[in-house]
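Participant: Mind looking at a prediction? Sequence and model below.
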Amino acid sequence: MAILPVLSPLALSRELLEFARVFKDAGHSLYFVGGAIRDSLLGRRASDFDAATDAGPEAVVALFRRVIPTGIKHGTVTVLWRGQEIETTTFRSEAGYSDGRHPDQVRFGVSIEEDLARRDFTINAMAYEPFERRIVDPHGGAADLRACLIRAVGTASERFDEDGLRILRAARFASQLGFQIEAATLSAMALRGAAVESLSPERVRDELSKTLMSPNPSRGLRILEDTGILVRILPELAEGRGVEQKGSHVFDVLDHSLVALDAAQGGLELRLAALFHDVGKSRAKAIGADGVPTFHRHEEISATMTEGALRRLRYPNATIDSVVHLVAQHMFNYNDSWSDGAVRRFVARVGRESLEGLYALRRADATGMTGFGTDGRSLGALRARVEEVLAADSTLGLKDLAIGGKELADIGVPRGPVMGRMLAELLEAVLDDPALNTPGRLIEIAGLMKGKHGLGP
Ligand code: ATP
Ligand code: MG
């Protein structure tokens, strides 16, 4: 049970008061609105302050020296003020969302109350007037903050039809704030779920990332599952529900992934990898002769499915590459019998720069089996062995080999696939025995290998 918050008094910085003063001196009203008011009342550090005013966008541009016309058609400009960027929007009301994304009409020159009525949730629909020190709260946002509730402004189903992103935002705020979603709002999420299908992948991606980066990401994802949204945006993850596992696993594949995700404290790539690392198990599952399920090569299937999902959501290539790599490599199984060669091959396969991420994924994965434990012992032992190998400055990749393509060409190996295979075999030999890594020894071995690859002596 969450501890109900006592709302903090709002204390604005001097810079923000001076910003508001510019509007007041010009005869305009100025309110601070949205997330910053919500977070300040919760006693959290508010990140960026947004403002609302009766001044039209051109008037705001004229009042300040440094202004970016962020969305001037919709009345939004960004004022650069004493090192802060303050998104400043002219009071507006919105009407008609025939595409479920953009209002067909925006109307300026309305009141702060009308402006608040277009906002998504009551806790985001409060405004603060800094000179009278008055909170404008027509929708009961402060009461919902105290009750830890996310409640749509107005009729939830209509608000979700207007903009399906609000459905994902509700789940995201639940994860970020640890709040419940009020009953009518929650059932409208389920009823209007189809609205998320007209969202651009980029908007879905950004909400997913914010949910994953929150303190309790599984909370939002479980809400999305319960309301039937998860299967619409991440069908491959939803497949893991009910896929039972074996051995020390106590959860099905989806619960395992969610517990691993909560345990994955780190950056976005690690969290995505924790969420997706077993996504292929639903398709890899087979029942062995003894009746025990097997998941052969599930890491490869998982890597392919992860790549598909992240591409669909338009994650950047660099993110996709790292996440897919972690997923593909997550099935290593260290024990004391690994030879130094095996440790070197592990480092060569994973890459130095991915080692820490892979260890963190393994800790999260281990926690996800039962909800406890972190596989600390065998990971600690592996880490020590890896450090020895790295300290010995061993050869770990083709670029560290004492010879390259040029030297092979000199002894008559044509450039192409055969050369590639020979270099890979030379690397394998050196990973097993680093003493072989001299030009003389490698040329000698290459000479012996030529016959096997169909080249004359
Ligand atoms: P954070 O910045 O922490 O993500 P926020 O509440 O400030 O949270 P923003 O996306 O910055 O969210 O939006 C600022 C305000 O604009 C919100 O508090 C809300 O009042 C309003 N708002 C944003 N997106 C929507 C939307 N899709 N529908 C209705 N109102 C919205
Ligand atoms: Mg904000």
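Facilitator: Ah, there it is. Residues are numbered from 1 along each chain as shown. Ligands and ions are numbered 1, 2, ... in the order given.
Participant: C-alpha from now on. contacts and neighbour counts both.
Facilitator: Noted.
Participant: Could you list the contact residues of this protein toward ligand 1?
Facilitator: Along the chain, the residues adjacent to ligand 1 under the rule Cα under 6 Å from any ligand atom are Gly34, Gly35, Arg118, Arg119, Asp120, Asn124, Ala125, Leu165, Arg166.
Participant: how about the strands in the stretch 351-457 of the chain?
Facilitator: Assigned by DSSP state E, counting those that start in this stretch, the stretch 351-457 of the chain shows no strands.
Participant: Then the chain?
Facilitator: For the chain, the strands identified by DSSP state E occupy 30-33, 50-53, 67-71, 76-81, 84-90, 92-95, 105-108, 127-129, 134-136, 149-150, 180-181, 286-287, 293-294, in order along the chain.
Participant: between those strands, which gets the lowest average pLDDT?
Facilitator: For the strands of the chain, mean pLDDT drops lowest on strand 105-108, to a mean of 78.
Participant: Nearest the geometric middle of the chain, what residue?
Facilitator: When the chain is reduced to its mean C-alpha position, the closest residue under Cα atoms, centre = their mean turns out to be Ser209, at 3.2 Å.
Participant: Can you tell me the closest non-neighbouring residue to that residue?
Facilitator: Leu268 (7.0 Å; Cα to Cα, 6 or more residues apart in numbering).
Participant: State the distance from that neighbour to Glu299.
Facilitator: Leu268 sits 20 Å away from Glu299 when distances are taken as Cα to Cα, to the nearest Å.
Participant: who has more neighbours, these two?
Facilitator: Summary of the neighbour comparison: Leu268 and Glu299, criterion other Cα atoms under 10 Å, with Glu299 having more neighbours (24 against 16).
Participant: Let me see the confidence value for the closest residue in space to the more buried one that isn't next to it in sequence.
Facilitator: Across the structure, with Cα to Cα, 6+ apart as the measure, the residue nearest Glu299 apart from its sequence neighbours is Ala328 (5.1 Å). At Ala328, the pLDDT value in this model is 97.
Participant: Now do the contacts for Ala328.
Facilitator: Contacts here follow Cα atoms under 8 Å, 6 or more residues apart in numbering; on that basis Ala328 touches His277, Glu299, Glu300, Ser302, Ala303.
Participant: quick one: it from Gly380, how far?
Facilitator: With the distance defined as Cα to Cα, Ala328 ends up 21 Å from Gly380.
Participant: Likewise for Ala238?
Facilitator: The span separating Ala238 from Gly380 equals 34 Å under the rule Cα to Cα.
Participant: can you list the weak-confidence ranges in this protein?
Facilitator: 1-6, 96, 100-101, 374, 394, 457 (pLDDT under 70).
Participant: domain parsing for it?
Facilitator: Domain segmentation of the chain under automatic domain parsing yields 3-146, 149-233, 259-391, 398-452.
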